[in-house]
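Participant: This is a predicted model, with the sequence first.
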Amino acid sequence: MDFISMRQKLFDMAAQHKPIEGCIAMRVGALGTIYWDGTGAVPVFHEEECEVAAVITTDALSFERLVTRVSKVKPLFLLGKLKVQGNMQLAMRAAEMF
C-alpha cells in the first residue's frame with residue numbers, strides 16, 4: 001500500500017471516530033509526516049505543520065499494519081516499533097481508533 005492510500009485510510013478511520021481534541025504529527029519512516037488536526041468535529045489532515053501536542057513515530061510497515069487493522073497499537077508500542085513524544089493522553093485518544 002502506498003503512502004497516499006495509507007493516509008486516506010487513516011482519514012477514513014478518523015472520520016468515523018470521535019474528535020481527538022488536539023493536533024498530532026505522525027512520522028511514517030522515510031515516507032513523510034502526516035499532521036492530524038483533530039480539534040474540530042471533522043478531522044483535518046495536511047502536510048503542513050500545525051501546533052503539535054504529540055508526535056507518533058513508526059516505520060512504514062507498522063503504519064500500514066495499523067491502518068489495515070492487522071496490528072494493534074499496544075504490541076507495536078511495546079516492541080518499540082511505535083514511539084510517542086509529547087502528550088501521551090492525546091496519543092492514546094488517537095490510538096483508540098486502531
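Facilitator: That came through, no problem. Computed from a predicted structure; not experimentally measured. Numbers count the residues shown, from 1 in each chain.
Participant: Find the residue closest to residue 32 in space, skipping its chain neighbours.
Facilitator: Taking CB to CB, 6 or more residues apart in numbering as the measure, residue 32 lies nearest to residue 3, with 6.3 Å between them; neighbours along the chain are not counted. Using the backbone N, CA and C atoms, a C-beta is placed for each residue, glycine as well.
Participant: mind listing what the one you found touches?
Facilitator: Remark: with contacts taken as CB atoms under 8 Å, 6 or more residues apart in numbering, residue 3 is in contact with 28, 31-32, 60.
Participant: which one's the longest helix in the chain?
Facilitator: If each helix of the chain is counted by residues according to DSSP state H, the longest one is helix 3-15.
Participant: so how far is the helix or strand just after that one off the chain centroid?
Facilitator: Beyond helix 3-15 on the C-terminal side, the first helix or strand identified by DSSP states H and E is strand 23-28. Taking the mean C-alpha point of strand 23-28 and that of its whole chain, the gap between them comes to 6 Å (CA atoms, centre = their mean, to the nearest Å).
Participant: Return strand 23-28 as PDB; C-alpha atoms alone will do.
Facilitator: Coordinates of the C-alpha atoms in strand 23-28 are reproduced here as PDB (Å, rounded to 0.1, in the frame of the first residue of the first chain):
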ATOM      1  CA  CYS A  23      -3.000  18.100  16.800                       C
ATOM      2  CA  ILE A  24      -0.700  15.200  16.200                       C
ATOM      3  CA  ALA A  25       2.200  14.600  13.900                       C
ATOM      4  CA  MET A  26       2.500  11.100  12.600                       C
ATOM      5  CA  ARG A  27       6.000  10.400  11.300                       C
ATOM      6  CA  VAL A  28       6.000   7.400   9.000                       C
END
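Participant: could you say what helices and strands the helix or strand following that strand packs with?
Facilitator: From strand 23-28 onward toward the C-terminus, using DSSP H and E, the following helix or strand is strand 32-37. Of the remaining helices and strands, those touching strand 32-37 by 3 or more CB pairs under 8 Å, 6 or more residues apart in numbering; DSSP states H and E are helix 3-15, strand 23-28, strand 44-46.
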